[in-house]
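Chemist: sequence first, then the predicted structure:
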Amino acid sequence: MEAIRVMIVDDHAIVREGVRALLDLSPEVKVVGEADNGREALQKMVQLQPDVVLMDIMMPVMDGLEATRRLTDDHPDIKVLVLTQYDEKEYVFPIIEAGAHGFMSKTAASSQLVSAIRSVHRGDSFLSPSIARFFVDAYHSGSSGKINDPYQQLTAREQQVLKMLAEGYTGREIAGMLDLSAKTIDGYRTNLMRKLDLHNRVELVKYALRRGIIKLD
């Protein structure tokens, strides 16, 4: 059987090295390349032709959410397995909606990784237990987890802009990192602040801290 071709996308070199070392132990998997942000990953897709992409969420230049959305649009045959430390539901639902085929926390047992890769490669979904709980809770509540939560009413892009604004980036800097116009970013900022009933950057930062969207060092 031909090995599953895997690409690792994470902005931390030590994480990429650790994941590669783990996967190199399995004859079922072949690591064909790495990238440290979403934009670099998209640029390498045609050259590397992976079957499965292990995608982090929070990365500079282009994050995993946007990269997953573009990847699944442009390369629908490539499967995305999210591998991240961010397992809160505000990250889970948007990335699944963006087209990810699986979601695995970095805190999960390392023995699960090859099994997860195998699952998404054959067309199944994979959710680590801590992630699956969110979907079970959403089912029992009769919702997708978005009702009555203003944050969940934001689009995935608005959530992304919110985080970047809270981290201190200017609208012009965000526009450059996301390949969008400054006017478009202003529109996202206006909409998200209206939806969250925020009135200035100080309130925005406080909100992001309360939600755990950003953390103090």
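Modeler: Great, that's in hand. This is a predicted model, so every value here is computed, not measured.

Chemist: which residues of this protein score low on pLDDT?
Modeler: 86-90, 109, 130-148, 216-217 (pLDDT under 70).

Chemist: quick check, central residue of the protein?
Modeler: Taking C-alpha atoms, centre = their mean, the centroid of the chain lies closest to Ile57, which sits 3.0 Å from it.

Chemist: dump the residue contacts of the spatially closest residue to that one that is not a sequence neighbour.
Modeler: Excluding the flanking residues, the one nearest Ile57 by C-beta to C-beta, 6 or more residues apart in numbering is Gly64, at 4.1 Å. From N, CA and C alone the C-beta is placed, and that goes for glycine too. The contact partners of Gly64, taken as C-beta atoms under 8 Å, 6 or more residues apart in numbering, are Val9, Gly38, Met55, Asp56, Ile57, Met58, Val82, Thr84, Ile95.

Chemist: so what does the third one have for phi and psi?
Modeler: Dihedral angles of Met55 (phi, psi; degrees, to the nearest 10) stand at phi -120, psi 120.

Chemist: count the neighbours of it for me.
Modeler: By other C-beta atoms under 10 Å, 29 other residues sit near Met55.

Chemist: next SSE after the top helix by length along the chain?
Modeler: Counting residues, the longest helix found in the chain (DSSP state H) is helix 182-196. Per DSSP states H and E, the first helix or strand lying C-terminal to helix 182-196 is helix 201-211.

Chemist: for that next one, buried residues please.
Modeler: Neighbour counts over helix 201-211 (16 or more other C-beta atoms under 10 Å) mark Leu204, Val205, Tyr207, Ala208, Arg211 as buried.

Chemist: and the helices in this structure?
Modeler: 13-23, 38-48, 64-74, 89-97, 111-121, 129-140, 156-166, 171-178, 182-196, 201-211.

Chemist: with distance to Ala3 added, can I get those in JSON lines?
Modeler: Shown next, in JSON lines, are the helices of the chain (distance: least, C-beta to C-beta, whole Å):
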{"stretch": "helix 13-23", "distance to Ala3": "10"}
{"stretch": "helix 38-48", "distance to Ala3": "14"}
{"stretch": "helix 64-74", "distance to Ala3": "21"}
{"stretch": "helix 89-97", "distance to Ala3": "26"}
{"stretch": "helix 111-121", "distance to Ala3": "10"}
{"stretch": "helix 129-140", "distance to Ala3": "26"}
{"stretch": "helix 156-166", "distance to Ala3": "33"}
{"stretch": "helix 171-178", "distance to Ala3": "35"}
{"stretch": "helix 182-196", "distance to Ala3": "41"}
{"stretch": "helix 201-211", "distance to Ala3": "41"}
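
Chemist: of those, which is nearest Phe103?
Modeler: Closest to Phe103 of these, according to C-beta to C-beta: helix 129-140, at 4.7 Å.

Chemist: mind giving me the domain split of the chain?
Modeler: Taking automatic domain parsing as the reference, the chain has its domains at 4-140, 150-211.

Chemist: got a list of what Gly38 touches?
Modeler: Val9, Met55, Met59, Val61, Met62, Asp63, Gly64, Glu66, Ala67, Thr68, Arg70.

Chemist: give me that answer again for 7 Å
Modeler: Counting by C-beta atoms under 7 Å, 6 or more residues apart in numbering, Gly38 touches Val9, Met59, Val61, Met62, Asp63, Gly64, Glu66, Ala67.

Chemist: what's the neighbour count on the third one?
Modeler: For Val61, the number of neighbouring residues by other C-beta under 10 Å comes to 17.
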